[in-house]
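Participant: Sharing a model prediction with you, sequence too.
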Amino acid sequence: MGKAAIDYSLYLVTGRELLPEGKDYYESLEEALQGGVTVVQVREKDTDTGEFVEIARKTKEITDKYNVPLFINDRIDVFLAVRPAGLHIGQSDLPLARARELVGDDALIGVSVSNVDEARAAVAGGADYVGVGAIWDTGSKDVTAKLKLAPEGAGVVLDVLEGVPSVAIGGIHPPNVPQLLHGSVSPVNRTALDGVAVISAIVSSADPRAAAAGIRAQVDSFKRARKTGNTQAVFSGAKAARTPKELIEQSAALMAVVRDNTPLVHQLTNNVVINDSANATLAVGASPIMATNPFDVKDLSPAIGALLVNFGTITDKAGMLVAGREANVNRKPVVYDPVAVGATAFRRSTSKELLSHWQPTVIKGNPAEIGALAESTEVASRGVDAVGGGFANPGSVVKVLARRKNAIVVMTGKHDYISDGETVLKTSNGVDLLEVITGSGCMTGTIVATFCAAARLHFLASNAAVENDSQLVQGDHLVGALAGVLVFNIAAELAAARPDVKGPGTFRAALIDELYNVRAADVLARAKVEVLEV
Ligand SMILES: Nc1ncnc2c1ncn2[C@@H]1O[C@H](COP(=O)(O)OP(=O)(O)OP(=O)(O)O)[C@@H](O)[C@H]1O
Ligand SMILES: Cc1ncsc1CCO
């Protein structure tokens, strides 16, 4: 088996202890191979050497039949006795250089890495692939119980691999595979995983053939989508740069999509703004549902147009975890508003937990919130508000964060900055009165979610056959986010100009009126959008 020939798409690690009762190990293995497993690693932790060699030998007979390479976990003696394609070692096993001397240059060596330093060492030492993990906790069903690398952490590792193939491992199951593949695209080089490694998702299944086929289809379809550029990592799917005029026209066109389809916008938001947010959603022609219970959200998800998660008062974490995951599974846009995320340690850790559990489509925050997510100290906060002069280079901040989070980033304020990691937009609509009503940022998130629902519907109406399992969400969500920001801020301009508006109280009511009255012509006439070179 030549070194270049390996397809790492679906890497099965064996685990005889995890087999369902009555299921034979070899039968399960063969079915998994028929389902599309492309690499197998035999792992035996407490088995006598003689028995391990016998299991490895029989396993190799089966993998050879399917022309699939076999690796032995950790045990050089077993490797030498059976001579399969390769050996897989962890950080506490035989050192890589010593392993190489023993197995020879023709054998493959895979190395487990859990951070950038280990990855660099594995690459320098000549590893043929790396297993990146643990992505999630594997021991328990609650993958958030212990924070691990998460897709974002894997992405950072992928940037140092210099072309060495990678598989992710740890807590990987069909519902989180698209989140993993999309969320781990690396921030600098845009490298993607070569495959996913699973144990119980296949081994514990009564039907390993179907389990393997399902995950293989997810990986294959992600790889196909990467080739066409039609992935969450390249959100807009737009091949050519667009002018501000084109972007404004595309944004304005989504207003009719909202009114014609009345998308259901599921919102878990804080109890300060809940009523304003629901009314703002209705005013632009969509339908709000402010459901928070996890038992509720699971059934709702297939019917929604978009999800908003705003953790301003963090009262519904369980619902937020389930709602985001279900939205990913159902390929719906997720708008995340990390209100005051930098204000407390609890908020920072809760945000990490949410983002390790699901992939947002858009992250929207004020400069203090975006700064906290970017781990920058350039902008300070006072509670839910940002204070001070802002970032020296706001366009760069949103672009870098968008690439790191694989999400569109919207940073609000007097000017709003929006980026998908490629394009950076600056908008200059809105009025100072927005600063003296509470929840203007929260309402911006609501309207952005509404227009992301429209962006997806618009895409599906013209590309009906394209939606598939590999996609977290489809549609031009750069335009969805832009449309939300423009419609909200232009409605605010119209409201502030009314003679009956005397201050924040009347402005707040007038804002709902003008969200109801604002038309595409107003957006075309008033939108101030620049495309920044960053
Ligand atoms: N001075 C301003 N001029 C124009 N638009 C503004 C101004 N301040 C805020 N906005 C707009 O108001 C909305 C909210 O932005 P802001 O940055 O104030 O959010 P926030 O701090 O998260 O608000 P909150 O915490 O009250 O929800 C955005 O759409 C933004 O464009
Ligand atoms: C004032 C306030 N406190 C928690 S959430 C919220 C709404 C504005 O962000």
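Facilitator: The structure has been received and is ready for your questions. The model shown is predicted, which means the values in this text are computed figures rather than measured ones. Residues are numbered from 1 along each chain as shown. Ligands and ions are numbered 1, 2, ... in the order given.
Participant: and the stretch 201-350 of the chain, which of its residues are near ligand 2?
Facilitator: Contact residues (CB under 6 Å from any ligand atom) of the stretch 201-350 of the chain with ligand 2: Asn270, Val272, Val273, Gly312, Thr313, Val339. Placement of C-beta: from N, CA and C, glycine included.
Participant: Got a ChimeraX select line for the buried ones in the residues you listed?
Facilitator: Of those, the buried ones go into a single ChimeraX selection, burial set by 16 or more other CB atoms under 10 Å:
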select :270,272,273,312,339
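Participant: Mark which of the residues of the stretch 201-350 of the chain next to ligand 2 are part of helices, please.
Facilitator: Counting by DSSP state H, none of the members of those fall within helices.
Participant: Residue of the stretch 201-350 of the chain closest to ligand 2, please.
Facilitator: Gly312 (2.8 Å; CB to the nearest ligand atom).
Participant: domains for this structure, by residue range?
Facilitator: The chain breaks down by automatic domain parsing into domains covering 3-228, 251-532.
Participant: Could you say which helix or strand holds the closest residue to Asn517 other than its chain neighbours?
Facilitator: Leaving aside its sequence neighbours, Asn517 sits nearest to Leu494 (CB to CB, 6 or more residues apart in numbering; 6.9 Å). Assigned by DSSP states H and E, Leu494 falls within helix 477-496.
Participant: Check which helices and strands that helix is in contact with.
Facilitator: Helices and strands touching helix 477-496, by 3 or more CB pairs under 8 Å, 6 or more residues apart in numbering; DSSP states H and E, are helix 244-261, strand 362-365, strand 408-411, strand 416-419, strand 424-427, helix 440-462, helix 504-517, helix 520-526.
Participant: sorry, back to before: among the residues of the stretch 201-350 of the chain next to ligand 2, which one lies nearest to Gly395?
Facilitator: Each of those was scored against Gly395 by CB to CB, and Val339 proved nearest at 23.0 Å.
Participant: In a markdown table, list the domains of the chain along with mean pLDDT and distance to ligand 1.
Facilitator: A markdown table is the format used below for the domains of the chain (pLDDT from 0 to 100; distance: least, CB to the nearest ligand atom, whole Å):
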| stretch | mean pLDDT | distance to ligand 1 |
| --- | --- | --- |
| domain 3-228 | 93 | 23 |
| domain 251-532 | 94 | 2 |
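Participant: contacting residues for the residue of the stretch 201-350 of the chain closest to ligand 2?
Facilitator: Residues in contact with Gly312 (CB atoms under 8 Å, 6 or more residues apart in numbering) are Thr269, Asn270, Val272, Val273, Asp337, Val339, Ala340, Val384, Cys442.
Participant: What about the last one, how many residues nearby?
Facilitator: Residue neighbour count, defined by other CB atoms under 10 Å, stands at 24 for Cys442.
Participant: where does it sit relative to Asp337, distance-wise?
Facilitator: Per CB to CB, to the nearest Å, Cys442 is found 6 Å from Asp337.
Participant: do the same with the fourth one
Facilitator: From Val273 over to Asp337 the distance is 10 Å, taken as CB to CB.
Participant: got it, and the second one?
Facilitator: The gap separating Asn270 from Asp337 is 9 Å, by CB to CB.
Participant: between these two, what contacts are shared?
Facilitator: The contact sets of Asn270 and Asp337 overlap at Asn310, Phe311, Gly312, Cys442 (CB under 8 Å, 6+ apart).
Participant: Return the member of those nearest to Gly155.
Facilitator: Phe311 (23.0 Å).
Participant: Quick check: the gap between that closest one and Gly324.
Facilitator: Counting by CB to CB, the gap from Phe311 to Gly324 is 11 Å.
Participant: Between these two, which contacts overlap?
Facilitator: Leu354.
Participant: the more surrounded of the two?
Facilitator: Shown here are Phe311 and Gly324; by other CB under 10 Å, Gly324 has more neighbours (25 against 22).
Participant: and that one, what is it in contact with?
Facilitator: Per CB under 8 Å, 6+ apart, neighbours of Gly324: Leu307, Val309, Val334, Tyr336, Leu354, His357, Trp358, Pro360.
Participant: number of nearby residues for Pro302?
Facilitator: 12.
Participant: Apologies, that question was intended for Leu457.
Facilitator: 18.
Participant: between the contacts of Gly312, which is closest to Pro244?
Facilitator: So of the contacts of Gly312, ranked by how close each gets to Pro244 (CB to CB), first place is Asp337, at 25.5 Å.
Participant: Distance of that closest one relative to Asn271?
Facilitator: Taking CB to CB, one finds Asp337 at 14 Å from Asn271.
Participant: the more surrounded of the two?
Facilitator: Asp337 (30 against 12).
Participant: if I read this right, the more buried one contacts Val309, doesn't it?
Facilitator: Yes: between Asp337 and Val309 a contact is recorded at 7.0 Å, counting by CB atoms under 8 Å.
Participant: where along the stretch 201-350 of the chain do the helices fall?
Facilitator: Using DSSP state H, counting those that start in this stretch, the helices of the stretch 201-350 of the chain run over residues 208-228, 244-261, 274-283, 294-300, 317-329, 345-357.
Participant: one step back: let's see which of the contacts of Gly312 end up in strands.
Facilitator: In strands, defined here by DSSP state E, the members of the contacts of Gly312 are Asp337.
Participant: Using a markdown table, please lay out the contacts of Gly312 together with distance to Leu12.
Facilitator: Output for the contacts of Gly312, formatted as a markdown table (distance: CB to CB, whole Å):
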| residue | distance to Leu12 |
| --- | --- |
| Thr269 | 42 |
| Asn270 | 44 |
| Val272 | 49 |
| Val273 | 48 |
| Asp337 | 39 |
| Val339 | 42 |
| Ala340 | 44 |
| Val384 | 47 |
| Cys442 | 45 |
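Participant: Let me know the closest of the contacts of Gly312 to Pro151.
Facilitator: Scanning the contacts of Gly312 for proximity to Pro151, where the rule is CB to CB, the winner is Asp337, at 20.2 Å.
Participant: which SS class is the residue lying closest to Thr377 once chain neighbours are set aside?
Facilitator: With CB to CB, 6+ apart as the criterion, Thr377 has its nearest non-adjacent residue at 7.3 Å, and that residue is Gly371. Here Gly371 is helix, with the state taken from DSSP: H, G, I helix; E, B strand; the rest coil.
Participant: returning to that earlier point: TSV please, covering the residues of the stretch 201-350 of the chain next to ligand 2 and showing distance to Thr191.
Facilitator: Shown next, in TSV, are these (distance: CB to CB, whole Å):
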residue	distance to Thr191
Asn270	37
Val272	41
Val273	39
Gly312	35
Thr313	38
Val339	33
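Participant: Tell me the one among the residues of the stretch 201-350 of the chain next to ligand 2 nearest to Glu101.
Facilitator: Out of these, the member with the shortest distance to Glu101 (by CB to CB) is Val339, at 55.7 Å.
Participant: quick one: that closest one from Ala212, how far?
Facilitator: 42 Å.
Participant: And Arg498, by the same measure?
Facilitator: 62 Å.
Participant: In terms of neighbours, single out the busier of the two.
Facilitator: Using other CB under 10 Å, the more surrounded residue of Arg498 and Ala212 is Ala212, with 24 against 14.
Participant: you'd agree that one is up against Tyr11?
Facilitator: No: Ala212 lies out of contact with Tyr11 (CB under 8 Å); the separation is 10.8 Å.
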